[in-house]
Each structure stands twice: as C-alpha cells, then as structure tokens.
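Colleague: For reference, the sequence and a predicted model appear below.
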Amino acid sequence: MSEQPKVRTTEGVVQGRRRQGHSVFRGIPYAQPPVGALRFAAPAPPHRWEGTRQAVEFGPVVPLSLPIDVPPQGTDWLTLNVGTPDPGAAGLPVLVWIPVGGYLSAASSDPMYDPAALAGAGVVVVTVNCRVGAEGFAFLDDAPPNRGFLDQIAALEWVQRNIAAFGGDPGRVTVGGVSAGAGSVAALLTMKSARGLFRRAIAHSVPGLHSTPALAREVTAAFADRLGAAAPTAEALRDIDPWHLAAELTSFNAGLHAHRESWGRLTETGTALCPVVDGEVLPETPWPALTGARASGTELLIGHARDEFRYFSVMSGRYGTFTEEDARAVLDLLAPQPDGARAYRAAFPQAGPEELVETVYSDALFRMPSQKLAEANAAAGGTSYLFELCWTAPALGGILGACHSLDVPLAFGTLDSPVGTQLIGEEPTPEAVALSRELQEAWVRFITTGDAGWSAHRPGGHLTRVLDAESKTLPYPEQASRQIWEGHFPAPFGHPGGAAVRSMAHRAGGSQVARPDAEAQARQDE
C-alpha cells in the first residue's frame, strides 16, 4: 500500500488518506474547543502540535438542537475537512462549504457533502463545523454575538493560511451553503471581518433569518429562565452540559407558537435563537447593505427551489390539511405589509388555502430573499447567476415536488447519500443523473471561472436558469410573487407592530423555516 498523504499546516503536520482518486483530511482543528473558559467566547486560535496528527476521522458533531437522537461526542467541535485532487498540485480552485441547517445543526460529516465528485472535477473542497443553536447564537450580555459566524470567519482564515499546502489557491476561494448555510454566506458578504477571505459565493435557498437585539434579548432571557439560570449570560449558562442545553432548545423551539402574540414572525420559523443584527459582528442585513453600497458585490451563484415549503409540510404531516384560517394567518403574518395579503389573493385568484399557504411560506422564507439577494448583489456591482429548480423529486410518488434541499445532492453528485435517496429514490433515474451532472458542471465552472454558464440576472431582464428535465434560461418564473414583494425586504424579527415587512427605505432582514439537516450516517468511504 502506498504511503498516505501528508501536509504541513501552520499548526503542524496532518496525515490523511487516499480514497476514490483524491485525498481526504478530516477533523483538522481551525480553533480551540469552545468549552470551559472559552465557552460562548470568540474562537481562539488552534494549538500547535508536534509530530504527525492523524486526520482520517471526522471531528465531533457540534451539539444539535433537532428532534433526533444523537449521542454526545467529544468537544473538539471546531474542525474542518479537506478533500483535494492532489495535495502536491498548485492553484486549484477552492470551495468552502458551510453545512449549517436552521442555525440548529452543522454536520460536515453528512455523506451528502462527500467531496469525491467535485474533487474529481479539480476542486479542493473544505467542509466546516461551526457552533449553532445556543452555543452559536444565544444573545448573551457577556459574550460576543453571532459566534457561529465568527467560527466561519476563523475557518476561512485557516483556509487562507493553509489551503495552498493542499493544492488550493487562496485567491480563488468560493464560499457556499444551503438554507442557513446560505444565510451565513449572505451575512459574510456584508461583514467587514470577512473581506478578502473569499472571492466568490454560492447560496442555495437563502433565508432572511435575523432578529433585532431587543427581541433576541427577550427570547434568550425566556430560554435562560426555562433552564433555571440566574441570568441570560455566558457565566450563568457555562456550567450547563452542552448537549443538555441543545436538547432544551429543541423543546423550547417546539413551543414557539405559544409566543406568537409577543414574538410575531419568529414563531413561524422553528428557530428561536438566530443571527442578531447587532451592529458590530453583523452590522445590518445583506439586502440593504448591498443595495445601499455599504457592501461590495461579488460573483454570486444563487438559487432556490420552486416548491421550497413542500418538504416541511410533508415531513411535518401538514401537507393537504391547511385551512382558510391557516391561509389568513400566514398572509397576515408573512406577506409584505400593508397590502400583501390582498395582493396575493388578487395574483392567485384560483388558489385554495393549501396553495396560498405554500406560496406565501416559500416566498417569505426562501424564494424572495434569494431573488432579492441576486438583485442586491448586482446593484452593488457584482454578477449574479440565478436559478430555480423545477424538477420534481421522484421519491414518495412525486409529492415533494421541487422541494427544499433537493438541489444539494444534485450539485455534490451524492444521489446515493441518505438525503439523496430520501428525495430522489434508491435508484436514480437517467434524468436525475443528467440533471445532477448539469448542476455540478455549473458549480465547477463557476468556482473555477466565476461564470455559471448562463446569462446573469439583472434588473429589467431577470434572467434565470430553470433547472428541469430540459433546462432553459428564461425570465424569472415567479414574477407574480416578485411584483408583490417589489419595494420590500423582509425585516428582522421584532415585536409585532414593529416586525412587519418593511419597505426598502427602512431596515431589512427576513425569516426562515430551517431544514433539519440529517445527522451523519454511516461513513461511506471505499
């Protein structure tokens, strides 16, 4: 057996292994474990080590706030993995993937993110674990806010220091993510501390999930009270076991609807603790920052699925059960104010309650934040390539439609991963394989050159790549929704009365129902 690959990083030598024609290095620390005195603190630089560190196993999963049973693992959560075509190469393009779901999970070990296909196409792939849930986003008086974002920046800084040793080009880094990972990418576009750490961005199904400091403080205080903590502070929470804290947040999230009158739109997300527009780490949300030229545009590949909300309605058992009362509540809470509810009924006169609920949720949570980020990035001088996935997932008799997250296993070429088979089926059809190849080729082309292969999305033209059995570049398909949202951004969550969707002249932000990313299952190597 040939010698396994070794790379010298700035902290020490790591040894990975070869698999499927490329080399993988797993569980490399980019910061110290955020426990003990470092819990709820900004990420601290990793320790150096002597000798050779074995980098063949994924690092421990961060505590997850999801209704799934995952046993506690170690505490060295802040690790990343590198898949490279050749550690001895030079100048290869790099994708840094942020696998965050709902700001509740971050499992870089999920087989859906296997780098084999992309590495085979000449891309160095980095997947990152970062803090989520209460560890990453609880708004504590004595701790830095948005610690999950700070972790992501620390990982990107590690990439700048080290990726050349793995064959990558630090000047050709693309950062990417789906759902809350895409929300993280959008935030990084506006953060001064992230400038110069990446060149391009990929964002699938961007949510606008942000909270005002006032509401974030109130929610965190309620959570701390549930825990019996003396105060909503790092000092008061530091001695609570991290996995117990995550489990308590899962229960807290399940009861959000009881707070609808006081917490408004936040209660529709299933995510009580989300990024805070704190004015320092995250100065403002990306839409006004880009539109107002307070952030610079970049090369951006961005898109969403046609039936974003279907995944959640099916998996929660609500599909087919929505009533007129549900439709009224959703329109009142999520449609842009003051006339959004009327505008939706006028634009979709034949729609019953089910279609209205699905349309408004899909728009407010993912489709409009994504489309508007494409426009805002172009307004800031960037180039935006927009897509909409319209291909129906074959699994479950097609009931899922073109649902949330279907595009990710297609792009990674991981159709046989647990999520891939859940959405596409055990035996991918030739149509699925062809569409996967098309989206993956667009990714590789974009990561390598900055051009996705279709016309850019610009004001007036709104050209969009419609991904289907026969893909075409067309005017944006969701024109009726786009017109309803014209002149509006989704605002950060605040108290009802101050939480309605604002016009462009006011503050901006958003909302999201987060996809509960599947925990890593059997590690599929050789």
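Modeller: Everything's here; your move.
Colleague: okay, CA-based contacts and neighbour counts for the rest of this
Modeller: Noted.
Colleague: where do the helices sit along the stretch 1-150 of the chain?
Modeller: For the stretch 1-150 of the chain, the helices identified by DSSP state H, counting those that start in this stretch occupy 116-120, 133-137, 147-162, in order along the chain.
Colleague: which parts of the last one are buried?
Modeller: To tie it back to what came earlier, the one meant is helix 147-162. By neighbour count with 16 or more other C-alpha atoms under 10 Å, helix 147-162 contains the buried residues 147-160, 162.
Colleague: That helix: how far from the chain's middle?
Modeller: Per C-alpha atoms, centre = their mean, to the nearest Å, the displacement of helix 147-162 from the mean C-alpha position of its chain is 16 Å.
Colleague: How about the first one?
Modeller: For helix 116-120, the distance from its own C-alpha centre to the chain's C-alpha centre is 21 Å (C-alpha atoms, centre = their mean).
Colleague: what residues are up against residue 43?
Modeller: Contacts here follow C-alpha atoms under 8 Å, 6 or more residues apart in numbering; on that basis residue 43 touches 31-32, 34, 147, 150-151, 154.
Colleague: Mind doing that once more with 10 Å?
Modeller: Residue 43 sits next to 30-34, 78, 130-131, 147-148, 150-155 when contact means C-alpha atoms under 10 Å, 6 or more residues apart in numbering.
Colleague: Same question for residue 471.
Modeller: Contacts of residue 471 were listed using C-alpha under 10 Å, 6+ apart, and they are 388-391, 435, 438, 465.
Colleague: quick revisit: could you say which one of the helices of the stretch 1-150 of the chain comes nearest to residue 348?
Modeller: For the helices of the stretch 1-150 of the chain, distance to residue 348 was read as C-alpha to C-alpha. The smallest value, 36.9 Å, belongs to helix 133-137.
Colleague: for the closest one, the distance to its chain's centre please.
Modeller: Using C-alpha atoms, centre = their mean, the distance from the centre of helix 133-137 to the centre of the chain it belongs to is 15 Å.
Colleague: Quickly list what residue 14 is bridged to.
Modeller: With DSSP bridges applied, residue 14 shows beta-bridge pairing to residue 7, residue 53.
Colleague: what's the burial count for it?
Modeller: Neighbour count for residue 14, taken as other C-alpha atoms under 10 Å: 21.
Colleague: just residue 460 next, same as before
Modeller: Here the neighbour count serves as a burial measure; for residue 460 (other C-alpha under 10 Å) it reads 7.
Colleague: Touching, it and residue 479? I think so.
Modeller: No. In terms of C-alpha atoms under 10 Å, residue 460 does not count as a neighbour of residue 479; the distance is 11.7 Å.
Colleague: low pLDDT regions in this protein?
Modeller: For the chain, the stretches with pLDDT under 70 are 1-2, 495-526.
Colleague: hey, which strand is longest across it?
Modeller: The longest strand of the chain (DSSP state E) is strand 168-178.
Colleague: Give the next helix or strand downstream of it.
Modeller: In the C-terminal direction, the helix or strand that comes right after strand 168-178 (DSSP states H and E) is helix 180-190.
Colleague: quick check: angle from that following helix to strand 168-178?
Modeller: Helix 180-190 and strand 168-178 are oriented at 120 degrees to each other (axes from the mean of the first three to the mean of the last three C-alpha atoms, to 10 degrees).
Colleague: okay, now residue 228: neighbour count?
Modeller: Neighbour count of residue 228, defined by other C-alpha under 10 Å: 11.
Colleague: If you could redo that for residue 222, that was the one I meant.
Modeller: Neighbouring residues of residue 222 were enumerated by other C-alpha under 10 Å; the total is 16.
Colleague: The buried residues of helix 147-162: which two are farthest apart?
Modeller: Farthest apart among the buried residues of helix 147-162 by C-alpha to C-alpha are 147 and 162. That separation is 22.4 Å.
Colleague: and which of the buried residues of helix 147-162 is nearest residue 118?
Modeller: residue 159 (17.7 Å).
Colleague: quick one, what contacts the closest residue to that closest one other than its chain neighbours?
Modeller: In space, residue 159 comes closest to residue 170 once its chain neighbours are excluded; the distance is 7.0 Å by C-alpha to C-alpha, 6 or more residues apart in numbering. When the contact criterion is C-alpha under 10 Å, 6+ apart, the partners of residue 170 are 91-94, 156-157, 159-164, 196-199.
Colleague: With residue 158 as the reference, measure out to residue 170.
Modeller: Per C-alpha to C-alpha, to the nearest Å, residue 170 is found 10 Å from residue 158.
Colleague: Need the residues touching each of these two.
Modeller: Shared contacts of residue 170 and residue 158, defined by C-alpha under 10 Å, 6+ apart, are found at residue 197.
Colleague: Residue 81: neighbouring residues, count only.
Modeller: Taking other C-alpha under 10 Å as the neighbour definition, residue 81 ends up with a count of 27.
Colleague: which residues touch it?
Modeller: The neighbours of residue 81, taking C-alpha under 10 Å, 6+ apart as the test, are 16, 24-29, 55-59, 96-97, 108-109, 115, 125-129.
Colleague: what's the spacing between it and residue 5?
Modeller: Here the distance between residue 81 and residue 5 works out to 14 Å (C-alpha to C-alpha).
Colleague: residue boundaries of the strands in the stretch 251-400 of the chain?
Modeller: Residue ranges of the strands in the stretch 251-400 of the chain, as given by DSSP state E, counting those that start in this stretch, are 299-305, 383-389.
Colleague: Dump those to CSV, plus distance to residue 140.
Modeller: What follows is the strands of the stretch 251-400 of the chain, written out as CSV (distance: least, C-alpha to C-alpha, whole Å):
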stretch, distance to residue 140
strand 299-305, 32
strand 383-389, 36
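Colleague: for those, which one sits closest to residue 233?
Modeller: When these are compared (using C-alpha to C-alpha), the closest one is strand 299-305, at 36.9 Å.
Colleague: Buried residues, the closest one. List them.
Modeller: 299-305.
Colleague: tell me the angle it makes with strand 168-178.
Modeller: Using the same axes, to 10 degrees: strand 299-305 against strand 168-178 is 30 degrees.
Colleague: before we move on, back to that, could I get the contacts of residue 471 in JSON lines, plus columns for neighbour count?
Modeller: Supplementary listing: the contacts of residue 471 in JSON lines, determined by neighbours: other C-alpha atoms under 10 Å:
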{"residue": "388", "neighbour count": "27"}
{"residue": "389", "neighbour count": "23"}
{"residue": "390", "neighbour count": "21"}
{"residue": "391", "neighbour count": "23"}
{"residue": "435", "neighbour count": "22"}
{"residue": "438", "neighbour count": "16"}
{"residue": "465", "neighbour count": "25"}
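Colleague: Thank you, goodbye.
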